[in-house]
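Q: From the sequence below, what's the structure:
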Amino acid sequence: MLAFDYGTRRVGVAVGDLETRHAHPLVVIRSEGAARFAEIGRLVDEWKPGALVVGVPRRDDAAVHPLAPRAERFARQLAGRFDLPVACVDESYSSVEAEGRLRAAAGARRAAGVARAKALDAHAAQLLLEQYFAEAGA
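A: Sure thing, here's the model as predicted:
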């Protein structure tokens, strides 16, 4: 499986296996439009996922998050372009949690540099995949 932490400038990508329930950060795609989908197509060809997961932000007050419609559109585009099932999961606070994990792993002083170096968005995508696995009945 591949998971995507959608953003308007970057898309974090993680790879995982539903059977083993393991997920790992993979890459951050910094391109937009057709170039973005070309890079995703390369990843789909390389990893041959059976399904895709996309994080969609939700708000605590039940109002629509400003990025939610764009993330949902991105999910529909993935389904249409790659003919794969796409599951959407709540990605609220995934980047905050990913940064927290990086801080715990590297120490607070180096966390900002480590977050950039290790591609925070890809770590957030890993969390989305882990959440999907948990919701799938792990």
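Q: contacts and neighbour counts: CA atoms only from here.
A: Will do.
Q: Now do the strands in the chain.
A: Counting by DSSP state E, the chain has strands at residues 2-6, 11-17, 22-29, 52-56, 86-90.
Q: Report the distance from the second one to the chain centre.
A: Offset of strand 11-17 from its chain centre (Cα atoms, centre = their mean, to the nearest Å): 6 Å.
Q: Any chance of the strands of the chain in CSV with mean neighbour count as columns?
A: Shown next, in CSV, are the strands of the chain (neighbours: other Cα atoms under 10 Å):
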stretch, mean neighbour count
strand 2-6, 30
strand 11-17, 23
strand 22-29, 20
strand 52-56, 25
strand 86-90, 18
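Q: closest one to Glu135 among the ones you listed?
A: strand 86-90 (9.1 Å; Cα to Cα).
Q: counting contacts, what elements does the closest one pack onto?
A: Judged by 3 or more Cα pairs under 8 Å, 6 or more residues apart in numbering; DSSP states H and E, strand 86-90 is in contact with strand 52-56, helix 68-82, helix 120-135.
Q: Residues in contact with that strand: which ones?
A: Residues from elsewhere that reach strand 86-90 (Cα atoms under 8 Å, 6 or more residues apart in numbering): 51-58, 72, 75-76, 78-79, 128, 131-132.
Q: Of those, which is the nearest to Ser92?
A: Once Cα to Cα is applied, the member of the contacts of strand 86-90 that ends up nearest Ser92 is Pro57, at 5.0 Å.
Q: separation between the closest one and Arg42?
A: Using Cα to Cα, to the nearest Å, Pro57 is found at 26 Å from Arg42.
Q: and these two? which has more neighbours close in?
A: Set Pro57 next to Arg42 and count neighbours by other Cα atoms under 10 Å: Pro57 wins out with 24 against 11.
Q: can I assume the more buried one is in contact with Arg70?
A: No - if you go by Cα atoms under 8 Å, Pro57 and Arg70 don't touch, sitting 10.0 Å apart.
Q: residue contacts, Tyr132?
A: Tyr132 touches 53, 89, counting by Cα under 8 Å, 6+ apart.
Q: so who does the residue lying closest to Leu26 once chain neighbours are set aside touch?
A: Using Cα to Cα, 6 or more residues apart in numbering and skipping residues adjacent in sequence, the residue nearest Leu26 is Ala14, 4.7 Å away. Applying Cα under 8 Å, 6+ apart to Ala14 gives the contacts 2-4, 23-27, 122-123, 125-126, 129.
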